[in-house]
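>>> here is my input; please provide its structure:
(chains A and B)
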Amino acid sequence: MSTIASLHIGELAYISEESLNEIPLKLLEMGCLPGAEVELIQLAPLNDPLYICVNGSHLAIRKETASKIQIIKAQ
Amino acid sequence: MSYKKTINVALIGNPNTGKTSLFNELTGLNQKVGNYPGVTVDKKEGQVKLQGNLKAIITDLPGTYSINPTSLDETIVLKTLLNSKTEKTPDVIVVVADVENLKRNLLLFSQVKDLEIPTVLAINMADQMKRKGITIDLKLLQKELSNEVVLLSVRKEPELGVEEVKKAILKTYNSAKAFPLCNVNNRIDPAYFDRLKEINPKYSIYELWLMITQNSFPDKISEDEKKALITFKNDSKNLKKYQHKETIYRYQKINEILKKTYLADRSKASDLRAKLDNVFTHKIFGYILFFTLLLLIFQSIFDWASLPMDFIDTLFAKLSSYVNKTMSPGVLNNLISEGIIPGVGGIIIFIPQIAILFLFVSLLEETGYMSRVVFLMDKIMRRFGMSGKSVIPLISGTACAIPAVMATRNISGWKERLITILVTPFTTCSARLPVYAIIIALIIPEKKIFGILNLQGLTLLSLYILGFATAIIAAVILHKTLKIKNTSFFVVEMPDYKLPSLKNVFFDVIEKTKAFVFGAGKIILSISIVLWFLASNGPQAFTEVEKNIKEKTISQEISEVKLNQMIASAKLENSYIGIMGKSIEPLIKPLGYDWKIGIALISSFAAREVFVGTLATIYSVESDDDDITTIKQRMNSEINLETNSKRFNFPVGMSLLVFYAFAMQCMATLAIVKRETKSWKWPLIQFVGMGVLAYICSFIVFQTLS
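Model (predicted):
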């Protein structure tokens, strides 16, 4: 199963419904909801943290968190 | 409804929405910073006239994405809102939102709304709507939210909507209507929430829900009710599940409303941001840019601050001697001219560097660039047990550790925050500079190597690097040894780039500088007075100094100035502080110091730069002439009687430089660390740890060099 951490720069995906319980409340509150569109904008060196745009919010999250959130890649 | 002449209004909103701009626009210079009872977070308050003689006291609450707090700042928002229905709580809350991120901003709005407090929604940056392809059906939105909604552009000149916000506050206050937006309970588990509501029907369900999820209870709640609530709280499995459900439901509701009222044409989304991000967050250019910027900042701090600092120095020296000469002699004269005036001067002298540094930090934060630095530095800092957010305190530490320690508050992980607090005092603060300057001038020859590099400047640079490097090494050691679980989790919003608002920057610099002057100032001043007392009083021998010297020198031809200097010097030697200096002499002798340097070391607890002034007094340099060359000459000619060579030779100088680089000599910083960590344990560890390190390193340096 792919996660946000496996995205390439510029790639689009949707957050999977199954990861609801894996998403920290704070991220959920910032718009990182199941079904929301997520795009990877930039990676810091060593691919951590990740700069993403989710549901219109531009956020930086650590790889550790990103690898817990499952996605369905856009076709 | 009761008639009140002033009402309480609180501003709440996500970070980067222009909430503070609105606050500054509403209150202007009519603002002050206070403290929230019991906590250390600054409370910004200001007044504004609403209509006739009705005034509003506006409170600017810390920026937050949700009522559920994850950092110290955000806890304040919850506490303010939960203690509702008491005297001090807001009559009206203004939720400030940013038009581009309206969906996310409405989450916070929906939470506030469910607390059933009268609310105004102010949608800011409305002037950007056309450019970003956004249209809002304002009337329908008001109806759907059953709330006053105002479109606002605070940054535009002239600003739009500020008067409308005032009118909306008034209207909302007069109608005093407050309905919940999302009846969360009905959507999740009605039976569970009915049982919760039974505990105390006076509170709204959402208030009771917040009490159990956030483990935060209003002062007025009874012990029995608290017990019943805690039983709910302990059912943590349901709690977490329901919190997730609650958030999802809120977004569903918001999406429903926005579908009808809000339209965004995404093809017009900002590509300037993407272009700038390509450079600023680039894996190579991003770092080059950041370090160039840092160098520029340090360079300008030194260039710009030296002139006002010299001016302040001279001014206070003159003021001190003026008071000394004009007031009738006595204890009061001495207290003012030798205790209080130099003490106050010792605080004021740091203002230029601190203000300039905060000017830059504030500019970088206002433009949105600081978030990019946090992004770039997070992984690197994490290796050292810190967070990307630790970069700002470490940079601020080069001006003064006190505001730097206070700047750690937005680091949400306790371990990362604690490590940042503990290592920040290693960075070279401006109080160390006068000490470094005089010792370097004494022991390092003024010559150039390779034709361009100034050897003295190079030594100073090495001391800066030594400070940073030690901070990093100390952080790694603490990271490995501290057994604290890091429960934090890291998320940083990357706001859109924008031109800084000079008004915001101005107020920010004023506020932070004031916080330093009044926070640290009190401590520095009181220690200065204690040290003055110790230096100007002493046992039996002290009182006879003047008589003895006059008797001894009666046959010699000595000018009055010279005589007074000799008396001052001998008095200091026999004062309490002189005795302290002598009693620690055996301890500091292995480092190459005598009791005179010992006195200067003790005096440095007020602020490190006092070292120079104290030595000036001991070596009886004219006290109203703090000219560095005189002190330098006098120190240079000081002889170590045991070896019959210069006291301030190369080994002693190096040992002192190392000692001042490592030792925790600043009482004000220790007090702030105590306040921020809420225990004496950490400042004590800091004091002993840094002290031992300083002692060992100075010992090794002195013994190997001599």
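>>> separation between the residue of chain B positioned farthest from its centre and B:Leu181?
Largest separation from the mean C-alpha position in chain B: B:Ser555, at 58.6 Å (Cα atoms, centre = their mean). Distance, B:Ser555 to B:Leu181, using Cβ to Cβ, to the nearest Å: 94 Å. Placement of C-beta: from N, CA and C, glycine included.
>>> likewise for B:Leu657?
B:Leu657 is 62 Å from B:Leu181, by Cβ to Cβ.
>>> mean confidence (pLDDT) on the longest strand anywhere in chain A, please.
Scanning chain A for the strand with the most residues, using DSSP state E, yields strand A:37-43. Per-residue pLDDT over strand A:37-43 has a mean of 94.
>>> any idea how far B:Leu591 is from A:Tyr51?
On the measure of Cβ to Cβ, B:Leu591 and A:Tyr51 end up 49 Å apart.
>>> likewise for B:Glu638?
B:Glu638 is 58 Å from A:Tyr51, by Cβ to Cβ.
>>> the more surrounded of the two?
Taking other Cβ atoms under 10 Å in any protein chain shown, B:Glu638 and A:Tyr51 do not tie; A:Tyr51 has more neighbours (22 against 16).
>>> pretty sure the more buried one sits against A:Ala60.
Yes. Using Cβ atoms under 8 Å, A:Tyr51 is in contact with A:Ala60, at 5.1 Å.
>>> doesn't B:Ile438 make contact with B:Val612?
Yes. Using Cβ under 8 Å, B:Val612 is in contact with B:Ile438, at 5.6 Å.
>>> can you verify A:His58 is assigned to a strand?
Yes. A:His58 forms part of a strand when assessed by DSSP: H, G, I helix; E, B strand; the rest coil.
>>> could you pull up the contacting residues of the nearest residue to it once chain neighbours are set aside?
Computed as Cβ to Cβ, 6 or more residues apart in numbering or on different chains, the closest residue to A:His58 that is not its neighbour in sequence is B:Met494, at 4.2 Å. B:Met494 makes contacts with A:51, A:58-60, B:277, B:368, B:371-372, B:375, as judged by Cβ atoms under 8 Å, 6 or more residues apart in numbering or on different chains.
>>> let's see 10 Å
Taking Cβ atoms under 10 Å, 6 or more residues apart in numbering or on different chains as the contact definition, B:Met494 lies against A:41-42, A:51-53, A:57-60, B:16, B:273, B:277, B:280-281, B:368, B:371-372, B:374-375.
>>> remind me which residues of chain A are low pLDDT?
Within chain A, the set of residues satisfying pLDDT under 70 comprises A:75.
>>> most remote residue from it's center?
A:Pro45 (17.6 Å).
>>> tell me how many other residues surround the closest residue in space to it that isn't next to it in sequence.
Take A:Pro45 and drop its neighbours on the chain: the residue closest to it by Cβ to Cβ, 6+ apart is B:Lys283, 5.2 Å away. When neighbours are defined as other Cβ under 10 Å, B:Lys283 has 12 of them.
>>> B:Lys283 in helix, strand or coil?
Recorded secondary structure, B:Lys283: coil (three-state DSSP).
>>> how about the residues of the stretch 201-350 of chain B by chain A?
Contact residues, the stretch 201-350 of chain B versus chain A (Cβ under 10 Å from any Cβ of the partner chain): B:213, B:240-241, B:243-248, B:250-252, B:255, B:264, B:266, B:269, B:273-274, B:277-278, B:280-284, B:286-287.
>>> can you do 8 Å?
B:240-241, B:243-244, B:247-248, B:251, B:274, B:277-278, B:281, B:283 (Cβ under 8 Å from any Cβ of the partner chain).
>>> can you pick the most crowded of these?
Using other Cβ under 10 Å as the neighbour test, those are led by B:Thr247, with 25 neighbours.
>>> which residues touch it?
Contacts of B:Thr247 (Cβ under 8 Å, 6+ apart): A:25, A:28-29, A:33, B:107.
>>> and the host helix or strand of it, what's buried?
For B:Thr247, the element it lies in under DSSP states H and E is helix B:236-261. Judged by neighbour count using 16 or more other Cβ atoms under 10 Å in any protein chain shown, the buried positions of helix B:236-261 are B:242-244, B:246-251, B:253-254, B:257-258, B:261.
>>> so how far is that helix off the chain centroid?
How far helix B:236-261 lies from its chain's middle: 36 Å, per Cα atoms, centre = their mean, to the nearest Å.
>>> so B:Lys415 makes contact with B:Lys485?
Yes. Taking Cβ under 8 Å as the definition, B:Lys415 is a contact partner of B:Lys485 at 7.5 Å.
>>> more neighbours: which of the two?
B:Lys415 (20 against 8).
>>> what about chain B, any weak spots by pLDDT?
Within chain B, the segments meeting pLDDT under 70 span B:1-4, B:33-42, B:84-88, B:185, B:268-270, B:486-488, B:620-630.
>>> remind me, longest strand of it?
In chain B, assigned by DSSP E, the strand with the most residues is strand B:42-51.
>>> could you look up the next helix or strand downstream of that one?
Next in sequence after strand B:42-51, counting helices and strands by DSSP H and E, comes strand B:54-60.
>>> after that next one, which helix or strand is next?
helix B:72-82.
>>> just give the closest residue to B:Lys582, not the sequence neighbours.
B:Trp595 is the one closest to B:Lys582 (Cβ to Cβ, 6+ apart), at 4.4 Å.
>>> touching, the one you found and B:Gly578? I think so.
Yes. Between B:Trp595 and B:Gly578 there is a contact under Cβ under 8 Å: 7.4 Å.
>>> so which of these two has more stuff around it?
For B:Trp595 versus B:Gly578, the count of surrounding residues by other Cβ under 10 Å is larger for B:Gly578: 25 against 20.
>>> separation between B:Asp109 and A:Glu17?
Just so we're on the same page, residue B:109 is Phe rather than Asp. From B:Phe109 across to A:Glu17, the span is 26 Å (Cβ to Cβ).
>>> the two: which is more packed in?
B:Phe109 (25 against 11).
>>> and the strand or helix carrying that one, what other elements does it pack with?
According to DSSP H and E, B:Phe109 maps onto helix B:102-114. Contact partners of helix B:102-114 among helices and strands, from 3 or more Cβ pairs under 8 Å, 6 or more residues apart in numbering or on different chains; DSSP states H and E: strand B:6-13, strand B:92-98, strand B:119-124, helix B:236-261.
>>> could you point out the helix or strand that follows the last one?
Heading C-terminal from helix B:236-261, the first helix or strand you meet, by DSSP H and E, is strand B:262-264.
>>> work out the gap between that following strand and the centre of the chain.
The answer for strand B:262-264 is 40 Å, by Cα atoms, centre = their mean.
>>> could you pull out the buried residues of that strand?
For strand B:262-264, by 16+ other Cβ under 10 Å, it's B:262, B:264.
>>> can you pull out the strands in chain B?
Using DSSP E, the strands of chain B run over B:6-13, B:31-35, B:42-51, B:54-60, B:92-98, B:119-124, B:134-136, B:148-151, B:262-264, B:448-449, B:453-454, B:491-493, B:639-640, B:645-646.
>>> JSON lines for the ones you listed, including distance to B:Phe311?
Below are these laid out as JSON lines (distance: least, Cβ to Cβ, whole Å):
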{"stretch": "strand B:6-13", "distance to B:Phe311": "38"}
{"stretch": "strand B:31-35", "distance to B:Phe311": "27"}
{"stretch": "strand B:42-51", "distance to B:Phe311": "29"}
{"stretch": "strand B:54-60", "distance to B:Phe311": "34"}
{"stretch": "strand B:92-98", "distance to B:Phe311": "41"}
{"stretch": "strand B:119-124", "distance to B:Phe311": "41"}
{"stretch": "strand B:134-136", "distance to B:Phe311": "51"}
{"stretch": "strand B:148-151", "distance to B:Phe311": "47"}
{"stretch": "strand B:262-264", "distance to B:Phe311": "54"}
{"stretch": "strand B:448-449", "distance to B:Phe311": "30"}
{"stretch": "strand B:453-454", "distance to B:Phe311": "25"}
{"stretch": "strand B:491-493", "distance to B:Phe311": "40"}
{"stretch": "strand B:639-640", "distance to B:Phe311": "35"}
{"stretch": "strand B:645-646", "distance to B:Phe311": "33"}
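>>> B:Ala401 is nearest to which of the ones you listed?
Nearest of those to B:Ala401, taken as Cβ to Cβ: strand B:42-51 at 18.0 Å.
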